[in-house]
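>>> got a sequence here, can you model it:
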Amino acid sequence: MPPFTVLHVCMGNICRSPMAERLLALAVRERLTRLGLDPAGADELVHSHSAGTGGWHAGEEMNPPAARQVVSRGGEAEGFAARKLRSDHIDAADLVLTATADQQDYVVALRPDAAARTFVLGEFGRLLGAVDVTGLPESSATPEAVHARGVALVAAAHGARHDSGSLATDDLDDPWGRGDQCFSRVADEIEETVQPLAATLLP
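Numbers count the residues shown, from 1 in each chain. You can find the predicted model right below:
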């Protein structure tokens with residue numbers, strides 16, 4: 001059984017989606033620590049990775065102010081290399097979180113069958129509050145249990161969004177070329193979704 005796989009998507013894959021990738025991984029590790037479990041096995045439970053729709057930064061490290069946000073919050077920035085989004089990335093993902101609605105449209109145009117598991121990150125954060133978690137499968141810190149709970153959570157979130165779709169306020173501002181204050185605000189907004197997601201996957 002593969003881990004529950006979350007794919008984060010933005011344009012260049014050097015600012016927003018790398019922060020989301022690493023901050024979700026951090027949130028899962030922190031959740032395991034709170035539960036008294038070994039955080040070293042986090043990636044076996046939840047695999048968080050990212051890609052960009054543009055592709056022109058392929059191979060580059062995370063943008064320095066984005067890396068500073070990740071590290072300052074306890075995450076890891078090293079070992080990251082930007083990459084261009086491919087269809088097989090989408091096919092392998094149980095959940096796709098995009099920085100903006102335009103990127104959500106890009107993903108769905110590339111892979112229409114991914115529509116039910118593709119959300120703007122802020123939209124998914126809103127929908128988490130509408131999901132009845134008591135109806136989800138019981139969770140334990142095993143890949144099988146986390147995967148089953150995660151897949152059910154995504155289905156429930158899709159059911160909760162009805163036909164409203166995302167809101168303009170769900171989009172993450174592009175902080176590229178802006179100051180640390182902007183990067184900090186965007187990182188805060190990312191944490192508002194990825195931390196509750198980790199807590200729901202590992203209650």
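>>> CA atoms for contacts and neighbours, from now on please.
Noted.
>>> any chance you could map the helices in the chain?
For the chain, the helices defined by DSSP state H cover 16-34, 42-45, 64-72, 87-91, 101-110, 121-128, 143-160, 180-201.
>>> what's the closest of those helices to Leu167?
helix 121-128 (7.1 Å; C-alpha to C-alpha).
>>> got a list of contacts for the closest one?
Applying C-alpha atoms under 8 Å, 6 or more residues apart in numbering, the external contacts of helix 121-128 come out as 97-100, 157, 160-161, 165-167, 169-172, 189-190, 192-194, 196-197.
>>> what sits against the closest residue in space to Glu61 that isn't next to it in sequence?
Among residues not flanking Glu61 along the chain, Ala81 sits closest, at 5.0 Å (C-alpha to C-alpha, 6 or more residues apart in numbering). Neighbouring residues of Ala81 by C-alpha under 8 Å, 6+ apart: Ala58, Gly59, Glu60, Glu61, Met62.
>>> residues touching the first one, list them.
Ala58 makes contact with Ala81, Ala82, Arg83, Lys84 under the criterion C-alpha under 8 Å, 6+ apart.
>>> hmm, 7 Å instead?
Residues near Ala58 by C-alpha atoms under 7 Å, 6 or more residues apart in numbering: Ala82, Arg83, Lys84.
>>> ok, and the most crowded of the residues you listed?
Within these, Ala82 tops the neighbour count with 23 neighbours, counted by other C-alpha atoms under 10 Å.
>>> my guess is that residue meets Ile14, correct?
Yes. Between Ala82 and Ile14 there is a contact under C-alpha atoms under 7 Å: 6.0 Å.
>>> quick check: neighbours shared by those two?
Glu61.
>>> in TSV: the contacts of Ala58, plus distance to Gly150 and pLDDT.
Shown next, in TSV, are the contacts of Ala58 (distance: C-alpha to C-alpha, whole Å; pLDDT from 0 to 100):
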residue	distance to Gly150	pLDDT
Ala82	26	96
Arg83	25	96
Lys84	25	97
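>>> Gly54: which of the helices of the chain is closest?
Of all these, helix 101-110 comes closest under C-alpha to C-alpha, at 10.2 Å.
>>> so that closest one versus helix 121-128, what angle?
Relative orientation of helix 101-110 versus helix 121-128 (axes from the mean of the first three to the mean of the last three C-alpha atoms, to 10 degrees): 90 degrees.
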